[in-house]
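A.B. asks: Mind looking at a prediction? Sequence and model below.
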Amino acid sequence: MKLISVQTATEQILACQFPTQSELLSLENAYGKILAEDLHADRDFPPFDRVSMDGIAIRYEDFKNGNTAFAIQEIQAAGDPQKTLTIPKGCLEVMTGAVLPLNTDTVIRYEDLEIINGFAEIKAEVTAAQNIHFKGMDKKAGERLIQAGKKINASHIAVAATLGKQSLKVIKAPKVALISSGDELVTIDKEPLPHQIRMSNMYAIAALLRKQGIPSTHIHIADNKVQTAEAIKKALSEYDILILSGGISMGKKDYIPEALEKNKVTKLFHKIAQKPGKPMWFGKTDKNLVFALPGNPVSTFLCTVRYVLPWFNQYFGQPAFTSQTAILTEDIRFRPQLTYFLQVKISYNESKVFATPVQHNGSGDFLSLSDADGFIELPESDEVLFPKGGSFPIHLF
Ligand SMILES: Nc1nc2c(c(=O)[nH]1)N[C@H]1C(S)=C(S)[C@@H](COP(=O)(O)OP(=O)(O)OC[C@H]3O[C@@H](n4cnc5c(N)ncnc54)[C@H](O)[C@@H]3O)O[C@H]1N2
Ligand code: MOO
Ligand SMILES: [Mg+2]
């Protein structure tokens with residue numbers, strides 16, 4: 001059977017559009033999500049002429065006319081309603097964050113004056129209108145402050161807070177089921193028997209998804225044909241996206257592809273010209289997408305990074321891939337006609353990114369993955385040698 005290329009597999013996955021939904025989340029929970037509404041200024045920013053230094057506020061005209069000692073009328077503190085300067089050649093002591101008093105137009109810092117017997121004596125040069133953050137100077141009421149589609153970071157949270165938004169409309173993640181299969185797998189709270197291992201793939205996928213703010217639920221299926229078909233039927237009805245790991249190759253108990261097709265999941269492809277992860281299966285129904293990833297832990301991991309996360313990026317309105325590349329630090333020889341996902345460690349030198357291959361024992365050796373920062377993508381070609389110094393796309397974990 002002809003394997004499809006990494007490029008074609010990517011195109012087929014990204015062509016599967018999914019209607020986006022939104023939800024309201026409290027401000028605290030909106031961090032890291034994608035904003036689904038524009039945020040507008042509810043008032044001018046700043047909302048009043050704001051004193052920006054602790055000191056005194058005067059009428060500049062008085063200073064220009066030669067007055068250097070200003071009688072202190074009272075204090076205008078931050079949080080006080082606006083006061084009015086009434087005494088001639090007088091001033092108010094003003095604090096950072098206070099409203100500029102009426103009849104004043106210039107603020108002089110305490111460092112530039114001396115207070116003697118109720119008079120502020122000015123000791124420095126003064127420029128008209130200094131040390132005032134004028135009303136509406138940053139943004140006018142009604143102006144758009146943040147556009148829908150932004151990934152909400154800490155500074156966006158601060159803006160939302162100042163607008164009085166206690167909740168934000170964000171793009172809602174689809175419901176995701178992570179489905180493991182295999183009678184050799186035990187839960188991580190168990191002591192495995194000699195022929196068993198603890199399940200780890202779902203933890204890896206869940207963590208990769210969590211980085212994008214996507215929650216997921218774990219379901220385990222035993223290696224049983226009937227139970228596999230039933231569990232998949234249930235998952236298809238309860239979840240939008242199914243991410244399966246294992247049971248898709250040629251083993252006598254690899255029941256997943258058959259169970260998917262029995263449940264009317266249309267296969268878009270099975271097997272990609274890549275290493276690792278060759279047996280990957282992908283399909284859809286009217287309302288589901290199904291990523292069935294090869295069970296070998298490195299394959300599951302790299303296929304999640306290379307195919308599943310880009311689909312979610314696109315769903316959230318973000319670029320599917322970054323355009324990052326890295327420079328190989330060693331010659332790599334590789335059998336042609338397959339794209340090779342090579343685990344690497346990253347280093348930086350003079351603003352260049354270098355990728356050094358991480359030694360490993362194939363796609364069952366996921367312990368070596370913890371030494372890697374990502375993988376580079378050596379394209380399918382007739383070449384056997386990828387020489388040191390070549391630049392390749394990199395996918396960081
Ligand atoms: N005759 C052939 N055999 C295999 C081929 C092939 O082309 N012809 N492909 C190999 C490749 S490549 C891969 S990758 C695997 C894919 O196998 P499956 O998707 O069927 O996965 P399983 O058989 O269920 O498991 C494979 C391996 O991974 C371990 N595993 C599975 N799930 C988990 C989990 N949740 N946590 C930790 N480890 C897991 C499982 O124990 C197996 O060791 O097939 C090759 N064989
Ligand atoms: O795809 Mo398999 O991952 O080469 O072991
Ligand atoms: Mg198998």
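C.D. replies: All right, it came through fine. Ligands and ions are numbered 1, 2, ... in the order given.

A.B. asks: nearest spatial neighbour of the residue in the stretch 251-397 of the chain that ligand 1 sits nearest to, skipping sequence neighbours?
C.D. replies: Of the stretch 251-397 of the chain, the residue with the smallest distance to ligand 1, taken as C-beta to the nearest ligand atom, is residue 295 at 2.5 Å. Every C-beta, even on glycine, is put in place using the N, C-alpha and C of the backbone. Leaving aside its sequence neighbours, residue 295 sits nearest to residue 246 (C-beta to C-beta, 6 or more residues apart in numbering; 2.8 Å).

A.B. asks: so what does the host helix or strand of residue 158 touch, helix or strand wise?
C.D. replies: If you go by DSSP states H and E, residue 158 is part of helix 154-162. Helix 154-162 is packed against helix 27-30, strand 39-40, strand 144-146, with contacts defined by 3 or more C-beta pairs under 8 Å, 6 or more residues apart in numbering; DSSP states H and E.

A.B. asks: Save the ones you listed as CSV, and put in distance to ligand 1 too.
C.D. replies: As requested, those are exported to CSV (distance: least, C-beta to the nearest ligand atom, whole Å):
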stretch, distance to ligand 1
helix 27-30, 29
strand 39-40, 41
strand 144-146, 40
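
A.B. asks: so which of these gets nearest residue 283?
C.D. replies: helix 27-30 (32.8 Å; C-beta to C-beta).

A.B. asks: ok, back up a step: would you mind putting the helices and strands packed on helix 154-162 into a markdown table with mean pLDDT alongside?
C.D. replies: Shown next, in a markdown table, are the helices and strands packed on helix 154-162 (pLDDT from 0 to 100):
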| stretch | mean pLDDT |
| --- | --- |
| helix 27-30 | 95 |
| strand 39-40 | 98 |
| strand 144-146 | 98 |
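
A.B. asks: right, and these - which one's nearest residue 89?
C.D. replies: Using C-beta to C-beta, the helices and strands packed on helix 154-162 put strand 144-146 closest to residue 89, at 41.4 Å.

A.B. asks: what comes up buried for the closest one?
C.D. replies: Buried residues in strand 144-146, counting neighbours by 16 or more other C-beta atoms under 10 Å, are found at 145-146.

A.B. asks: State the paired neighbours of it in the sheet, together with their directions.
C.D. replies: strand 39-40 (antiparallel) (DSSP bridges).

A.B. asks: Other residues contacting the partner strand?
C.D. replies: 142-146, 156, 159-160, 163, 165 (C-beta atoms under 8 Å, 6 or more residues apart in numbering).

A.B. asks: and which of those residues is nearest ligand 2?
C.D. replies: For the contacts of strand 39-40, the nearest to ligand 2 is residue 156 (39.4 Å; C-beta to the nearest ligand atom).

A.B. asks: List the beta-bridge partners for the nearest residue to residue 142 once chain neighbours are set aside.
C.D. replies: Nearest non-adjacent residue to residue 142, counting by C-beta to C-beta, 6+ apart: residue 40, 5.9 Å away. With DSSP bridges as the criterion, residue 40 is bridged to residue 144.

A.B. asks: on that earlier part again, can you tell me what sits against the helix holding residue 158?
C.D. replies: 27, 30-31, 35, 39, 45, 145-146, 150, 152, 168.

A.B. asks: In TSV, list those along with distance to residue 379.
C.D. replies: TSV is the format used below for these (distance: C-beta to C-beta, whole Å):
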residue	distance to residue 379
27	44
30	39
31	37
35	36
39	42
45	50
145	43
146	39
150	33
152	36
168	41
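
A.B. asks: May I ask which of those residues has the most neighbours?
C.D. replies: Comparing the contacts of helix 154-162 by number of neighbours (other C-beta atoms under 10 Å), residue 168 comes first, having 25 neighbours.

A.B. asks: Before we move on, what's the pLDDT of it?
C.D. replies: With respect to pLDDT, residue 168 has a value of 98.

A.B. asks: Quick check: phi and psi on it?
C.D. replies: Main-chain torsions, residue 168, degrees, to the nearest 10: phi -130, psi 150.

A.B. asks: Contacts only, for it.
C.D. replies: Contacts were defined as C-beta under 8 Å, 6+ apart; by that measure residue 168 touches 24-25, 27, 30, 33, 35, 37, 152, 160.

A.B. asks: switch to 10 Å and redo it
C.D. replies: Listed by C-beta atoms under 10 Å, 6 or more residues apart in numbering, the contact set of residue 168 reads 22-27, 29-31, 33, 35-37, 39, 146, 152, 156-157, 160.

A.B. asks: show me where this protein has helices.
C.D. replies: 6-14, 27-30, 60-64, 154-162, 201-210, 225-238, 256-262, 297-303, 309-315 (DSSP state H).

A.B. asks: Kindly compare burial across these and name the winner.
C.D. replies: Comparing the helices of the chain by mean neighbour count (mean count of other C-beta atoms under 10 Å), helix 297-303 ranks first with a mean of 27.

A.B. asks: and the closest residue to residue 264 other than its chain neighbours, how far is that from residue 151?
C.D. replies: What sits nearest to residue 264 in space, not counting adjacent residues and going by C-beta to C-beta, 6+ apart, is residue 285, at 6.2 Å. Using C-beta to C-beta, to the nearest Å, one gets 30 Å for the distance from residue 285 to residue 151.

A.B. asks: Let me know whether residue 390 touches residue 376 as I believe.
C.D. replies: Yes - using C-beta atoms under 10 Å, residue 390 is in contact with residue 376, at 9.3 Å.

A.B. asks: Which residues are in contact with each of these two?
C.D. replies: 325-328, 332, 355.

A.B. asks: Pull the number of nearby residues for the spatially closest residue to residue 256 that is not a sequence neighbour.
C.D. replies: In this structure, residue 256 finds its nearest non-sequential neighbour in residue 247, 3.9 Å apart by C-beta to C-beta, 6+ apart. Other residues lying near residue 247 total 25 when counted by other C-beta under 10 Å.

A.B. asks: which residues sit in contact with residue 247?
C.D. replies: Residue 247 neighbours (C-beta under 10 Å, 6+ apart): 179-182, 221, 223, 228, 253-259, 279, 281, 292, 294-295.

A.B. asks: circling back: residue 390 and residue 376: which has the busier surroundings?
C.D. replies: residue 376 (25 against 16).
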